[in-house]
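Trainee: Sharing a model prediction with you, sequence too.
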Amino acid sequence: MTGKNMKTGSLSELRKMKQQGDLHPSINAEPAPDLPRGFWDDAELVNHAVTKEPISLRVDADVLEFFKAQGKGHLTRMNAVLRSYVEAQRSKTHR
């Protein structure tokens with residue numbers, strides 16, 4: 001993935017760029033929904049043995065830092081959070 005608006009840098013460089021206003025979200029990006037307080041309080045890590053699809057995903061630096069701070073397996077935990085969301089949404093539509 002390349003483009004004239006693509007920028008790379010270390011986490012500290014990206015933070016500095018953000019503070020200076022040099023980083024801008026995609027004009028196509030949808031705002032994240034507001035979740036109620038305590039939304040994740042009862043969340044459980046669930047691992048599913050399914051085929052994984054390799055992708056390139058851009059996430060906010062602080063989100064990635066949060067998952068990395070929990071130690072090895074941050075991508076697996078991120079996938080588990082996404083799976084939890086998918087299953088919660090599916091259960092809403094099948095009621």
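Mentor: Sure, I can see it. Numbers count the residues shown, from 1 in each chain.
Trainee: in the protein, which ranges drop under the pLDDT threshold?
Mentor: Judged by pLDDT under 70, the chain has its weakly predicted residues at 1-8, 25-26, 47-49, 95.
Trainee: And the residue nearest the centre of it?
Mentor: Val59 (4.7 Å; Cα atoms, centre = their mean).
Trainee: Identify the residue nearest it in space, chain neighbours excluded?
Mentor: Met78 (7.8 Å; Cβ to Cβ, 6 or more residues apart in numbering). Every residue, glycine included, has its C-beta placed from N, CA and C.
Trainee: Now find how far off-centre stretch 17-27 is within its chain.
Mentor: 18 Å (Cα atoms, centre = their mean, to the nearest Å).
Trainee: wait, I meant stretch 55-66
Mentor: 5 Å.
Trainee: Convert that stretch to PDB, retaining C-alpha atoms only.
Mentor: Presented in PDB, the C-alpha positions along stretch 55-66 are these (Å, rounded to 0.1, in the frame of the first residue of the first chain):
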ATOM      1  CA  ILE A  55      -4.600  -7.800   5.900                       C
ATOM      2  CA  SER A  56      -3.100  -4.400   6.400                       C
ATOM      3  CA  LEU A  57      -4.900  -2.400   9.100                       C
ATOM      4  CA  ARG A  58      -4.400   1.100  10.300                       C
ATOM      5  CA  VAL A  59      -5.300   1.700  13.900                       C
ATOM      6  CA  ASP A  60      -4.800   4.700  16.200                       C
ATOM      7  CA  ALA A  61      -1.300   4.700  17.700                       C
ATOM      8  CA  ASP A  62      -2.700   4.700  21.300                       C
ATOM      9  CA  VAL A  63      -4.900   1.700  20.600                       C
ATOM     10  CA  LEU A  64      -1.900  -0.300  19.300                       C
ATOM     11  CA  GLU A  65       0.200   0.800  22.200                       C
ATOM     12  CA  PHE A  66      -2.500  -0.400  24.700                       C
END
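Trainee: on that earlier part again, just give me the neighbour total for the residue nearest to Val59.
Mentor: Look at Met78: counted by other Cβ atoms under 10 Å, it has 17 neighbours.
Trainee: before we move on, what about Lys52?
Mentor: By other Cβ under 10 Å, neighbour count at Lys52 equals 10.
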